[in-house]
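S.K.: coordinates only, sequence not included:
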Ligand SMILES: [Zn+2]
Ligand SMILES: [Zn+2]
């Protein structure tokens, strides 16, 4: 069994696509499974990868954009009916507590109906969560220890989304870093130092501009404008490669892939990156797995 394993559940963006779900990933180390972000489709992908909601020990939320959070409702119900008896540990930025309270409130009638129908077979815990709102600056700060995995948070630049964090997961000398949604910034550079794997927010701005031109010429001006706005708060693939090189990362995994490319577009998506980053580069896809021995 690898020291740390990364499973990409969702590698897409807010706009739904059949082949890339909303952002979510699992990091495994020993008996521990940690979920980072819970974008749309995450729960289905968990069943597909064989690590179900009841097996998740803790959840870390990078920021409160919908493409990172909206599967919380399904996760909480599937965990409960899967037999879990303890609240789910959730760590996230300021606002996480009220967001979770909102999802739980939306499930209030469902929870009541299931208790009424199934009685004591279901644990009293219901959809309860144990939420910790974290804070961190540009230096990685330890925020939790889950089993043998130490978790550090660092602030990233996804303005106007504030706060927004990236996370570094360490087990022994091995590390996996999740950038969260961000531009290249000092926090990410510090957080990614020497990482075995960096999972990086990645937008190919040239391909995005071409997509926006197509949308505009087919009369979908609003969609083109919204995508155009997204350029300001996501790293271009070249910036992600630059940060990975500066930080001495071993393996760069491009995720939060925008535009939502197909397999045959990977060479275009990654064009020129091998001249910037000298390590291994992968373009993530849903259910991809990467182990570190
Ligand atoms: Zn975002
Ligand atoms: Zn996002």
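M.R.: Structure received. These numbers were taken from a predicted model, which means no experiment stands behind them. Ligands and ions are numbered 1, 2, ... in the order given.

S.K.: and the residue of the stretch 101-250 of the chain nearest ligand 2?
M.R.: Proximity of the stretch 101-250 of the chain to ligand 2 (CB to the ion) peaks at residue 181, 4.4 Å away. C-beta: built from backbone N, CA, C; applies to glycine.

S.K.: number of nearby residues for that residue?
M.R.: Using other CB atoms under 10 Å, residue 181 has 26 neighbouring residues.

S.K.: in three-state terms, label it for me.
M.R.: coil (DSSP: H, G, I helix; E, B strand; the rest coil).

S.K.: pull the contacting residues for it.
M.R.: Contacts of residue 181 were listed using CB atoms under 8 Å, 6 or more residues apart in numbering, and they are 23, 62-63, 65, 68, 156, 158, 161, 164, 201, 233-234, 256.

S.K.: just the pLDDT at it, thanks.
M.R.: What the model reports as pLDDT for residue 181 is 95.

S.K.: now do the helices in the chain.
M.R.: Applying DSSP state H to the chain gives helices spanning 42-49, 72-81, 96-106, 108-118, 186-191, 205-217, 221-230, 237-247, 266-269.

S.K.: how about JSON lines for those, with distance to residue 173 and mean pLDDT added?
M.R.: JSON lines is the format used below for these (distance: least, CB to CB, whole Å; pLDDT from 0 to 100):
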{"stretch": "helix 42-49", "distance to residue 173": "26", "mean pLDDT": "97"}
{"stretch": "helix 72-81", "distance to residue 173": "31", "mean pLDDT": "96"}
{"stretch": "helix 96-106", "distance to residue 173": "30", "mean pLDDT": "98"}
{"stretch": "helix 108-118", "distance to residue 173": "43", "mean pLDDT": "93"}
{"stretch": "helix 186-191", "distance to residue 173": "17", "mean pLDDT": "97"}
{"stretch": "helix 205-217", "distance to residue 173": "35", "mean pLDDT": "92"}
{"stretch": "helix 221-230", "distance to residue 173": "36", "mean pLDDT": "90"}
{"stretch": "helix 237-247", "distance to residue 173": "16", "mean pLDDT": "97"}
{"stretch": "helix 266-269", "distance to residue 173": "31", "mean pLDDT": "96"}
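
S.K.: ok, which of the ones you listed comes nearest residue 131?
M.R.: Nearest to residue 131 among the helices of the chain is helix 96-106 (4.8 Å), distances taken as CB to CB.

S.K.: mind giving me the packing neighbours of the closest one?
M.R.: For helix 96-106, the packing partners by 3 or more CB pairs under 8 Å, 6 or more residues apart in numbering; DSSP states H and E come out as helix 72-81, strand 88-92, strand 129-133.

S.K.: could you rerun that using 10 Å?
M.R.: For helix 96-106, the packing partners by 3 or more CB pairs under 10 Å, 6 or more residues apart in numbering; DSSP states H and E come out as strand 58-60, helix 72-81, strand 88-92, strand 129-133.

S.K.: so which of the ones you listed gets nearest ligand 1?
M.R.: Of all the helices and strands packed on helix 96-106, strand 88-92 comes closest under CB to the ion, at 13.0 Å.

S.K.: which bits of this protein sit near ligand 1?
M.R.: 65, 181 (CB under 5 Å from the ion).
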